[in-house]
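**Student:** Quick one, fold the following:
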Amino acid sequence: MQNKLILRGLLAGALGGLLAFAFAWIFAESPIQAAIDYESGRDEAQAALDKAAGLPVEHAGHEVFSRAVQGNLGIGIGMVLFGVAMGMLFAVAYTVLLGRVGRIRARVLAVLVSGSGFLALYLVPFLKYPANPPAIGHEATIGARTGLYLTMVVGSVLFLVVAVLLGKRLAPRLGSWNATLVAGASFVVLSAILMTVLPSLGSLAANAAEYGPQASETPLPLKAPGGQIVYPGFPADTLVSFRLYSVLAQVVLWTTIALVFGPLAERVLDRGRAATVEA
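**Tutor:** Below you'll find the model as predicted:
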């Protein structure tokens, strides 16, 4: 039965990834293109400043894949594969919790596990290190950014597990409602402490060297040696739109997983019970 549930988790995740890609293609493509245009314009302005100062000018290399291929086939395949991976993790967590969290209906458990996955794997890490469009982030900080984000993800998942175990342990003494409140508060406190301890991306060495200590990697206005602004900072509207659509795309993914997997799991479990009764 576990294998059947995991297979249905993979299918639900693949469909969720496909729908998330469709959503992102419709809504997020415009901010992404605006970010790419900004990056191109800023690079041209920087090249003009370097040329005027007698410095060597770096020329952009030839793209192996066109923007159309990257924005359609590449992102589409990537999001479907990501959805499959999340669907598998979801199904594994579902099978582990099945029968261990009381008499909860299959569909309700699917919603709870999906919501927990969205919270721990995406939303909490996003609050500390939100998604950024092209033009934001130095190549020199990719390794550090990846490590910090993974640290936030692992910490968030660990804190969620601790909160669930704490709530289950306290339920007989405090009641389900009060135990849930205490567990939820512990998750918030632990996550907040980790967010406070981890550094901001703007404080990384490459960013601090170029912009000085900042809260984020968002590019500031490009200035000439005399101090006059020759190219504006990254547009706030583009940044907000991209991050909003990133969150909503994840909502689409995890909601699809829950709504598709729940009925499928219910059928598998009902068949399993029927087979047990007949035996």
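**Student:** just the helices in the stretch 101-250 of the chain please.
**Tutor:** Listed in chain order, the helices of the stretch 101-250 of the chain (DSSP state H, counting those that start in this stretch) span 106-118, 124-128, 142-174, 176-197, 205-211, 236-278.
**Student:** Could you list the buried residues of the second one?
**Tutor:** Going by neighbour count (16 or more other CB atoms under 10 Å), the buried part of helix 124-128 is 124, 125, 126, 128. C-beta here means a position set from N, CA and C on the backbone, and glycine is covered the same way.
**Student:** Touching, the last one and residue 196? I think so.
**Tutor:** What that stands for is residue 128. No - applying CB atoms under 8 Å as the test, residue 128 and residue 196 come out as separate, 9.4 Å apart.
**Student:** For the buried residues of helix 124-128, give me TSV that also has pLDDT and distance to residue 79.
**Tutor:** Listed next are these as TSV, based on pLDDT from 0 to 100; distance: CB to CB, whole Å:
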residue	pLDDT	distance to residue 79
124	97	21
125	97	18
126	96	16
128	95	23
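**Student:** Let me have the residues you listed in JSON lines, adding distance to residue 222 as columns.
**Tutor:** As requested, these are exported to JSON lines (distance: CB to CB, whole Å):
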{"residue": "124", "distance to residue 222": "34"}
{"residue": "125", "distance to residue 222": "30"}
{"residue": "126", "distance to residue 222": "28"}
{"residue": "128", "distance to residue 222": "27"}
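**Student:** Which one of those residues is nearest to residue 165?
**Tutor:** Nearest to residue 165 among the buried residues of helix 124-128, counting by CB to CB, is residue 124 at 17.8 Å.
**Student:** That closest one and residue 259: what is the separation?
**Tutor:** Distance of residue 124 to residue 259, computed by CB to CB, to the nearest Å: 23 Å.
**Student:** And residue 129, by the same measure?
**Tutor:** With CB to CB as the criterion, residue 129 and residue 259 are 28 Å apart.
**Student:** who's more crowded, these two?
**Tutor:** More neighbours surround residue 129 than the other of residue 129 and residue 259, with 20 against 16 (other CB atoms under 10 Å).
**Student:** Report the mean confidence score over stretch 181-188.
**Tutor:** Stretch 181-188 shows a mean pLDDT of 96.
**Student:** Enumerate the positions of that stretch that are buried.
**Tutor:** 182, 183, 186, 187.
**Student:** Need the nearest residue in space to the first one, chain neighbours excluded.
**Tutor:** Taking CB to CB, 6 or more residues apart in numbering, and ignoring the residues beside it in sequence, residue 182 has residue 170 as its nearest neighbour in space, at 5.9 Å.
**Student:** Any idea how many residues pack against residue 213?
**Tutor:** 9.
**Student:** Could you list the low-pLDDT ranges of this protein?
**Tutor:** The chain contains residues with pLDDT under 70 at 57-72, 102, 210, 272-279.
**Student:** quick one: contacts for the residue nearest to the spatial centre of the chain?
**Tutor:** By CA atoms, centre = their mean, the chain has its centre lying nearest to residue 122, at 4.0 Å. Counting by CB atoms under 8 Å, 6 or more residues apart in numbering, residue 122 touches 247, 250, 254.
**Student:** any idea which of those residues is closest to residue 164?
**Tutor:** Closest approach to residue 164 among the contacts of residue 122 (CB to CB): residue 254, at 17.6 Å.
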